[in-house]
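> just need the structure, nothing else, for what follows:
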Amino acid sequence: MDVAAFSGDSFDPKDWINKALKSSDPAQNKEAAASSLVMKLQLMIAKLNSALEDQCAAVVQSVPRVIREAGQLEQEAGLLRDKLVAVRAEMESVECETRENMSTLVRMDTVKERLGATTRALQEADNWTSLDTQVEDAFDNDDLDTVADRLAGMQASLRLLHHVADYQERVAHLEQHRNRLEATLSPLLVTAFTSRDTDAALRLVNMFRTMERGKQLSKYYHKCVRAGLMQRWTEIVMEREGDGAGEWLEVYYGELGSKLGEQQVWAELVFPDEKSSQLMAELVTDVLNSLDPSPAFCIEAAVKLSGDTLGLLGDIRTKTDKFLAGIEGVVREAGEVKLRELGKVVYKPFTSYVANYEELEARALVAEVSSWATEKKDTIDEIHSLASSVGRVATMVETAGVRCGHLTRGVVYPALARAVARSLDTHLDRYRRLMRRLEKRKVVVDDDWSVLQHCLSANQATGDLMLQLEQLEVSLSTSFLEITRQFLGPDSPDLPLQQHHIFLLDPPAIISLSELYTAVSSNTGSATPVLQQSISLLSSTCSDLQKTTFSIMFHPISSQLELIPSLSTWSAATTGQGTLHTSDMPDFSFSPSEYITCVGEYLMTLPQHLEPYMSQDNAPLTRAFREAVFPGSSDTTGAAQQSPADFLLGCISSSTCSSYLSYISSIPSLNNNSSRQLAVDISYLGDILDDLGHPLTCDLASTAVLLRLPMEQWREESGGHSSKVVAMVKGARGVQEG
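This next block holds a predicted model:
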């Protein structure tokens, strides 16, 4: 039986009883189980009472012993207190008796210390004079080691003479000896550093440190090695005068990287207390910053002689990266500040070209685009040339992206995007000239259907180009993120020599680059942050080309519809000049007017000329029509849901209906006969459009119904139509509602 629950703070008798009964034998009667449980509890209570009585008896028996022990402890504490009081009194007595003696001892100890200090000062003063004399003798004997040793002794003596009256004079005198020794040792030190004589260098370094001039050592070393490295650059330029900056830098970088590794090993032997990586980083930074002629000047001269500026700069960038990667192990421990200074100096020759990258890239891209544009006299040849140029544009932009990534590690992608847009605009000028050429031929479209074919081929080329640009947006964005993530990404490792945006850009350009990175990295929809400007230019051209295409396709229709207001049919009917009374004639006795039959014939001819575009598999043309709303299209999704031909027929049908309705509204007046004639014309157009799969618009269909409506039924039957159409027909027919 679990009795541990009785001691819990949250003990609940009901829960305990229920659990106990549940754990009993299922075959046992509940009353029997309860009785058994009560009996067990009574036995447990009896045991507890017995144990409690035993414990109480033991406690009662131990109380007298505890009282006796407490009394003994109290007596011992009283004795200890008395002894402490006696000791304290004795200490106070001794202090009173020896107070004067202790004061005397303290004064005597102070006097002793002062006598010792005076004695040492006198000894050091005598030693100073002796060491000074020995220094002079050593200088005369050219014994520089002795000079350094004695100067160290003089420095030690001087520390003990800081209280003497002529202390400052002694300091100046010691400094003169140091300057004299440094001047004597400097040529020897330069020779040792230049020739890398380890034994001589260690000896001289020790002497400098002995006379407390150790801080000057790294400066001497820096100047000696720097002079040799700068001289070597001058020799390379002079020896290879016929070569260019790329060859000079390649040779020099190779030798410089090799010498830095050798110098680091030697510097660690001679300067064990110095950070060799920092020494090397400072050295190469100073050397590259002081070369004469400067690398920037040499590169500028090479650029002027080169026909491929970006190619030349890319080649030099490759050599520069190789050099920096080669010395990274030498300078790795120099610290972030030193390494960033080194990176800025190494890539300094590229900064002016990076700042002007848009112009350089645009010049190269425009030149390439212009090389394709051999103006064709025949329109079909020009369209074929434009269609074949789509792949060239894609390849050109991909190459530009690779070039930008290699030359600048992607830091000028904003400039690249602008350069691509400029070159694309130059290419789109060919489409604009083609549009003007096609626009001039729209009057012959119903006789020469090749004009329409040319328009659709041009639209297909723009759609293909749009698809290519959208694919390029994805690939360029991916490349941009991969290249720049190591220095722009939120989780990028802190690599001082990989901060290309800091090395190559000014602060405003860095902000522009960061904004582009944020836009590209957070882009989850169909936005195009990299080629946005290019795609906008192409979208505008697509829109203009589609307007031109519509103008050409719709010209045979508009040229007939614009005759409607001035047709004599309406005026002859209203003046009663007709020879037949046609008010009671059925509709089939009316023939469609000539203008509408011309429109119908043209519309029925369109499908056969659009047959090559009946398939929905024509992705380029479908994409072009989806980019800009083709005139007559109700929404931008229609092109994606239909074949290009069906989409065009729908747009032309819709535009025909709306234009027809507009010209009908310009008819001055209609009588019953002319109204029926116009209704027959509309019905004829409706039959044509039904055959094309694009019925009349609601407004034009309502117009036909209202034109047939007898005057006496006008009030009852005109209510279910558009109020605008009702008002138009009512005014033309002169309906009077009584």
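
> show me the shaky parts of the stretch 601-738 of the chain.
Residue ranges of the stretch 601-738 of the chain with pLDDT under 70: 614, 616, 627-629, 634-641, 737-738.

> now the helices for it?
For the stretch 601-738 of the chain, the helices defined by DSSP state H, counting those that start in this stretch occupy 619-627, 638-641, 644-664, 672-692, 698-708, 714-717, 723-733.

> using JSON lines, please lay out the ones you listed together with mean neighbour count and distance to residue 78.
(Glycine included, C-beta is placed from N, CA and C.) Below are those laid out as JSON lines (neighbours: other Cβ atoms under 10 Å; distance: least, Cβ to Cβ, whole Å):
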{"stretch": "helix 619-627", "mean neighbour count": "22", "distance to residue 78": "109"}
{"stretch": "helix 638-641", "mean neighbour count": "17", "distance to residue 78": "108"}
{"stretch": "helix 644-664", "mean neighbour count": "21", "distance to residue 78": "117"}
{"stretch": "helix 672-692", "mean neighbour count": "20", "distance to residue 78": "127"}
{"stretch": "helix 698-708", "mean neighbour count": "19", "distance to residue 78": "121"}
{"stretch": "helix 714-717", "mean neighbour count": "13", "distance to residue 78": "131"}
{"stretch": "helix 723-733", "mean neighbour count": "17", "distance to residue 78": "121"}
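
> dump the ones you listed to a markdown table, plus distance to residue 103.
Shown next, in a markdown table, are those (distance: least, Cβ to Cβ, whole Å):
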| stretch | distance to residue 103 |
| --- | --- |
| helix 619-627 | 107 |
| helix 638-641 | 110 |
| helix 644-664 | 118 |
| helix 672-692 | 130 |
| helix 698-708 | 125 |
| helix 714-717 | 137 |
| helix 723-733 | 124 |
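
> right, and these - which one's nearest residue 217?
Closest of those to residue 217 is helix 619-627, at 71.2 Å (criterion: Cβ to Cβ).

> and that closest one, how far out from the chain middle?
31 Å (Cα atoms, centre = their mean, to the nearest Å).

> hey, C-alpha coordinates of it in CSV?
Only the C-alpha atoms of helix 619-627 are listed here, as CSV (Å, rounded to 0.1, in the frame of the first residue of the first chain):
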residue,chain,number,x,y,z
ALA,A,619,6.2,31.3,-77.0
PRO,A,620,8.0,34.4,-78.3
LEU,A,621,5.0,35.9,-79.9
THR,A,622,2.8,35.0,-77.0
ARG,A,623,5.3,36.7,-74.6
ALA,A,624,5.3,39.8,-76.8
PHE,A,625,1.5,40.1,-76.7
ARG,A,626,1.5,39.5,-72.9
GLU,A,627,4.0,42.3,-72.3
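
> who are the packing partners of it?
Packed against helix 619-627, as judged by 3 or more Cβ pairs under 8 Å, 6 or more residues apart in numbering; DSSP states H and E, are the following elements: helix 450-488, helix 532-561, helix 638-641, helix 644-664.

> weakest of the ones you listed by average pLDDT?
With a mean of 56, helix 638-641 has the lowest mean pLDDT of the helices and strands packed on helix 619-627.

> please name the nearest non-neighbouring residue to residue 477.
Closest residue to residue 477 apart from its sequence neighbours, by Cβ to Cβ, 6 or more residues apart in numbering: residue 520 at 4.9 Å.

> what about the one you found, how many residues nearby?
Using other Cβ atoms under 10 Å, residue 520 has 20 neighbouring residues.

> helix or strand for it, which one?
helix 507-521 (DSSP states H and E).

> tabulate the helices and strands packed on helix 619-627 (TSV), appending distance to residue 205.
Below are these laid out as TSV (distance: least, Cβ to Cβ, whole Å):
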stretch	distance to residue 205
helix 450-488	40
helix 532-561	62
helix 638-641	80
helix 644-664	85
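
> circling back to that earlier point, helices or strands up against the helix holding residue 520?
Partner elements for helix 507-521 (3+ Cβ pairs under 8 Å, 6+ apart): helix 413-440, helix 450-488, helix 500-504.

> any low-confidence regions in the stretch 1-150 of the chain?
For the stretch 1-150 of the chain, the ranges with pLDDT under 70 are 1-3, 114-150.

> show me the helices in it, by range?
Along the stretch 1-150 of the chain, the segments classed as helices by DSSP H, counting those that start in this stretch run 13-22, 30-140, 144-160.

> may I have stretch 508-522 as CSV, with CA atoms only?
Output of stretch 508-522 as CSV, limited to C-alpha atoms (Å, rounded to 0.1, in the frame of the first residue of the first chain):
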residue,chain,number,x,y,z
PRO,A,508,27.7,56.5,-52.6
ALA,A,509,28.5,53.6,-54.9
ILE,A,510,28.7,51.3,-52.0
ILE,A,511,25.2,52.3,-50.9
SER,A,512,23.9,51.8,-54.5
LEU,A,513,25.5,48.3,-54.5
SER,A,514,24.0,47.4,-51.1
GLU,A,515,20.6,48.5,-52.2
LEU,A,516,20.9,46.3,-55.4
TYR,A,517,22.0,43.3,-53.3
THR,A,518,19.1,43.8,-50.9
ALA,A,519,16.7,44.0,-53.9
VAL,A,520,18.1,40.9,-55.6
SER,A,521,18.5,38.8,-52.4
SER,A,522,14.9,39.5,-51.2
